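[1] A structural model of the following input is requested.
(chains A, B, C, D, E and F)
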4 protein chains.
Amino acid sequence: MTATTKSPTAEADRKGTILRAAIEVFSKKGYHGCRIADVAKEAGVAYGLVYHYYSNKDELLQSVFEYGWTGLVTRLTERALQGKTVDEKVRGIVSVAFDAYKTDPRAVKVLILEIGRSPAGQSVNRGSAFGGTIEMVSTIFRDGQKRGELDPKLEPLICAAMLFGAIEMGLTAFIMGLLDRKPETVDQAARQVADTFLGGALGDGTWKNEKSATKSRALKRA
Amino acid sequence: MTATTKSPTAEADRKGTILRAAIEVFSKKGYHGCRIADVAKEAGVAYGLVYHYYSNKDELLQSVFEYGWTGLVTRLTERALQGKTVDEKVRGIVSVAFDAYKTDPRAVKVLILEIGRSPAGQSVNRGSAFGGTIEMVSTIFRDGQKRGELDPKLEPLICAAMLFGAIEMGLTAFIMGLLDRKPETVDQAARQVADTFLGGALGDGTWKNEKSATKSRALKRA
Amino acid sequence: MTATTKSPTAEADRKGTILRAAIEVFSKKGYHGCRIADVAKEAGVAYGLVYHYYSNKDELLQSVFEYGWTGLVTRLTERALQGKTVDEKVRGIVSVAFDAYKTDPRAVKVLILEIGRSPAGQSVNRGSAFGGTIEMVSTIFRDGQKRGELDPKLEPLICAAMLFGAIEMGLTAFIMGLLDRKPETVDQAARQVADTFLGGALGDGTWKNEKSATKSRALKRA
Amino acid sequence: MTATTKSPTAEADRKGTILRAAIEVFSKKGYHGCRIADVAKEAGVAYGLVYHYYSNKDELLQSVFEYGWTGLVTRLTERALQGKTVDEKVRGIVSVAFDAYKTDPRAVKVLILEIGRSPAGQSVNRGSAFGGTIEMVSTIFRDGQKRGELDPKLEPLICAAMLFGAIEMGLTAFIMGLLDRKPETVDQAARQVADTFLGGALGDGTWKNEKSATKSRALKRA
DNA sequence: CATGAATGAGTCTTCATTCAT
DNA sequence: CATGAATGAAGACTCATTCAT
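    Numbering: from 1, shown residues only, chains lettered A, B, ... in the order given. Below is the predicted model of the structure:
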């Protein structure tokens, strides 16, 4: 409580406000389509203040990335470590991703549409983070192969890429409005993505005889 | 070397040269990261000539889109119609996509990185084309459900999205250099994507007893 | 006279127009005080055209420098080589400098006020050109020492610096309006600068007895 | 370490610290090339504190000017008044200028590079002070003419300008690194500037017969 | 006094698009 | 058709100055 103390949250607040505004605007107009002025207006701060906290537009996107991606990856890694079997780990990953979308669809949209996709000008971080995460996830499948859960002929990296792609495009279907954003629909999609990835689109035919295909499959494998 | 005479194909050539240059440059720097001047230089033509053939930058991207996407979709649709079972159709789609990548990785890169991803404000065509294609592919699964090949509880749109996502991210793994671009590797990846999508990552366990898991599965399902 | 021929002078004209406009504006407001818009307006061209010919503001100043300085140095060198004695060479240099001022006072003003003076941001060229010229001129004095025209104890570099300083500040007196810009006054100043530099402010006392001090001194030394 | 208590000299200290920092930074980057933030950082004080003591950037430069120039002019005037003959006065002026450089090269650099050079639009003080000083010095020569020490045909203003120019460019040679900053070299340069200005570059030939040309000349004139 | 967060006008620079030749 | 000079609107970024604490 000294004389010079600023409320310690004040700075974090402003910076956070600007970050959230950036996510908002990026998700609406995209990185290239938005002006710093838009972010400032959205955040309700003066133009120059954006530059007080972020040295340039790219660093702002960088921060959005870190805010979104780092958090996501952390949670992914946690879940991946929690599960024992490949089945559990994959289901964990899928649910983390879809939960993130339910929690903050805007942030997920920016991650999917802007980050790790724009070929030019992106700092190394983004690209490598993306690839790095795929490689991290691929260890799940490599381990699974060692433990005999998975066909050793499968390329783990492709497995990981497929899982990511399936999740991402599943979310994209929501982002693009092909599917309703209702929580139940999202949950159902999540379940389907995990089931199909693990058991295949054609499944094992058990759904022909039982009520809950999902359960039956889960049981069969457990 | 007369200044005014051009062979009748000259125009098509010029236009095509510019289009190919655009693909090249877009794939390297992205749509926003490149200037019309870059395209002109790459094509080896004068600055203003680009505007003779394309009324503006966006139309150029539009044309790249049509060149790449329309052709791809045509081939996808053909293959999808050729196959009888869901299995055949899916394998057809996957092979079309991976063949396109083997034939012209640059064009595929542009399609993946630039088109159908850019947020609102872009011409409707692209976005809807992307969604439209997903919807088209989803009919494969809807039909499969009608014919009893697929669990009716699955949402066909999610199936289609997953298939697309798996293919796209599989290709992305190559584009990002996570995997070698050797033809065999690409072919193997294509096979794995189709197998896993159809039969699931965990498979049916047949690989534990047989030499060629891939073959065995294919047989089992055929 | 082909169809695509632009009058060859057209480009040079525009570029020259912009360059002259830059000299004009720099001389009025200084480098920092002027905006590219000012230069464009002064030249009567569109804003962007300045950037068609000069890649940025600094390069524009650079060109002004080359236009003015290089020409000046060339003429200085020529004159310095023409003269036999130190006396002749020095008088040559002084007359070149003052002639330049009579011909294009604005350009000289920019050279004096802007170039080789701003400590920061200046490309190496300017600084070294300035110093380089002083060094070039100092050889005149070094040679003079070898031929016994000059006291060998004098540091030639200081001689050159003094000569430059005397000329420059003499011109500055005009630029700052301390003296009228009438041609006669300028000529008289030039003569005085040369005389005083060579013979000293105190002179040899000959002026006490003769009509034309200048002549008498010149004779005495010849 | 109390927050509110400052020793009575604290204010003067702070202000002086900022002033010295400004000299430091101006001399390194120039007036336009530095930001208030740079000055504050150099002084080790907070950003806004600069505005407590100086109402704006220009006033800060103004103060630097006064600090350096006023002092210099005072000393110049004193010395100019002390001497009897033109010879003595000129030697006095030169030694004051070179001493100032030995004492505080940074301040001299700022004076030379920034003050009295910036084109129109700057506060009148600086420009007029520069011109005013030249005019003051010119009275030395005018008086000299009245007393028969100098050729009445010489324009006193040009004499003063030349003297200033010779001194300034002589110092510039040091500032630009053309000559070593060793005290002896500086002293020698000062002597040479005075000798040459008074007696001319060509001298009177006495150096041909005597050991110490400098002394001989000084004797001859004394 | 001291701090440094906040403000926003001012400029440079880029680049899609037009147009005279 | 072909060229590339010319245009000017748009937007990133800087930094002097103010102000709440």
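
[2] Find the closest residue to DNA strand E in chain A.
    In chain A, the residue that lies nearest DNA strand E is A:Gly48 (1.7 Å; C-beta to the nearest atom of the strand). Where C-beta positions appear, they are placed from N, C-alpha and C, glycine not excepted.

[3] For that residue, the count of nearby residues, please.
    As a burial measure, A:Gly48 scores 9 neighbours (other C-beta atoms under 10 Å in any protein chain shown).

[4] tell me which element it is part of?
    helix A:47-53 (DSSP states H and E).

[5] Could you check how far stretch A:39-57 is from the centre of its chain?
    The chain centroid and the centroid of stretch A:39-57 are separated by 26 Å, computed with C-alpha atoms, centre = their mean, to the nearest Å.

[6] Give the buried residues for that stretch.
    Buried residues in stretch A:39-57, counted by 16 or more other C-beta atoms under 10 Å in any protein chain shown: A:39-40, A:42-43, A:45, A:50, A:53-54, A:57.

[7] Report the contact partners of A:Val25.
    Residues near A:Val25 by C-beta atoms under 8 Å, 6 or more residues apart in numbering or on different chains: A:34, A:38-39, A:42.

[8] In three-state terms, label A:Asp151 for me.
    The three-state label for A:Asp151, taken from DSSP: H, G, I helix; E, B strand; the rest coil, comes out as coil.

[9] For it, give its distance to B:Val86.
    21 Å (C-beta to C-beta, to the nearest Å).

[10] do A:Tyr47 as well
    Going from A:Tyr47 to B:Val86 by C-beta to C-beta gives 55 Å.

[11] Check A:Ala190 too.
    The gap separating A:Ala190 from B:Val86 is 22 Å, by C-beta to C-beta.

[12] cool, and A:Ala160?
    Counting by C-beta to C-beta, the gap from A:Ala160 to B:Val86 is 25 Å.

[13] With A:Gln82 instead?
    34 Å.

[14] These two: which is more packed in?
    Remark: of A:Gln82 and B:Val86, B:Val86 carries more neighbours, 21 against 10, as counted by other C-beta under 10 Å.

[15] which residues touch the more buried one?
    Listed by C-beta under 8 Å, 6+ apart, the contact set of B:Val86 reads A:201-202, B:140-141, B:143-144, B:149-150, B:198.

[16] Please report the distance of it from A:Phe65.
    38 Å.

[17] Only the buried residues of the longest helix belonging to chain A, if you could.
    In chain A, assigned by DSSP state H, the helix with the most residues is helix A:8-33. Using 16+ other C-beta under 10 Å as the test for burial, helix A:8-33 gives A:14-15, A:17-28, A:30-33.

[18] immediately after that helix, which helix or strand?
    Remark: after helix A:8-33, the chain's next helix or strand is helix A:36-43, criterion DSSP H and E.

[19] anything in that next one sitting right up against chain B?
    No - Helix A:36-43 lies apart from chain B when judged by C-beta under 8 Å from any C-beta of the partner chain; the minimum separation is 12.7 Å.

[20] so, in contact with DNA strand F or not, that helix?
    Yes - between helix A:36-43 and DNA strand F, judged by C-beta under 7 Å from any atom of the strand, the touching residues are A:36-37.

[21] which SS class is A:Lys84?
    A:Lys84 ends up coil, using three-state DSSP.

[22] roughly how far apart are the residue nearest in space to the middle of chain A and A:Gly177?
    Nearest to the mean C-alpha position of chain A, by C-alpha atoms, centre = their mean, lies A:Ala97 at 5.1 Å. Distance, A:Ala97 to A:Gly177, by C-beta to C-beta: 19 Å.

[23] cool, A:Ala107 as well?
    Distance, A:Ala107 to A:Gly177, by C-beta to C-beta: 18 Å.

[24] A:Val90 too?
    The gap separating A:Val90 from A:Gly177 is 27 Å, by C-beta to C-beta.

[25] between these two, which one's more packed in?
    Just comparing A:Val90 and A:Gly177: by other C-beta under 10 Å the higher neighbour count belongs to A:Val90, 27 against 10.

[26] what about that one, helix or strand, and which?
    Assessed by DSSP H and E, A:Val90 sits inside helix A:86-103.

[27] Okay, angle between the helix or strand following that helix and helix A:8-33 too, please.
    Once the chain leaves helix A:86-103, the next helix or strand it forms, by DSSP H and E, is helix A:105-114. Put simply, helix A:105-114 runs at 40 degrees to helix A:8-33, going by axes from the mean of the first three to the mean of the last three C-alpha atoms, to 10 degrees.

[28] check whether helix A:105-114 contacts DNA strand F.
    No - judged by C-beta under 7 Å from any atom of the strand, helix A:105-114 stays clear of DNA strand F, getting no closer than 13.7 Å.

[29] Can you name the residues that contact the nearest residue to A:Ile140 once chain neighbours are set aside?
    For A:Ile140, ignoring the flanking residues on the chain, the nearest one in space by C-beta to C-beta, 6 or more residues apart in numbering or on different chains is A:Lys89 at 5.0 Å. Listed by C-beta under 8 Å, 6+ apart, the contact partners of A:Lys89 are A:79-80, A:82-83, A:140.

[30] before we move on, what about A:Leu19?
    Contact analysis of A:Leu19 by C-beta under 8 Å, 6+ apart lists A:60, A:63-64, A:67.

[31] What is the neighbour count of A:Cys159?
    With other C-beta under 10 Å as criterion, A:Cys159 counts 29.

[32] Hmm, it is touching B:Ala201, no?
    Yes - the pair A:Cys159 / B:Ala201 is scored as a contact, 5.9 Å apart, by C-beta atoms under 8 Å.

[33] which neighbours do the two share?
    A:141, A:150.

[34] in the helix holding A:Val90, what counts as buried?
    Residues of helix A:86-103 classed as buried by neighbour count (16+ other C-beta under 10 Å): A:86-87, A:89-98, A:100-101.

[35] do the same with stretch A:58-75
    Across stretch A:58-75, burial judged by 16+ other C-beta under 10 Å covers A:60-65, A:67-69, A:72-73, A:75.
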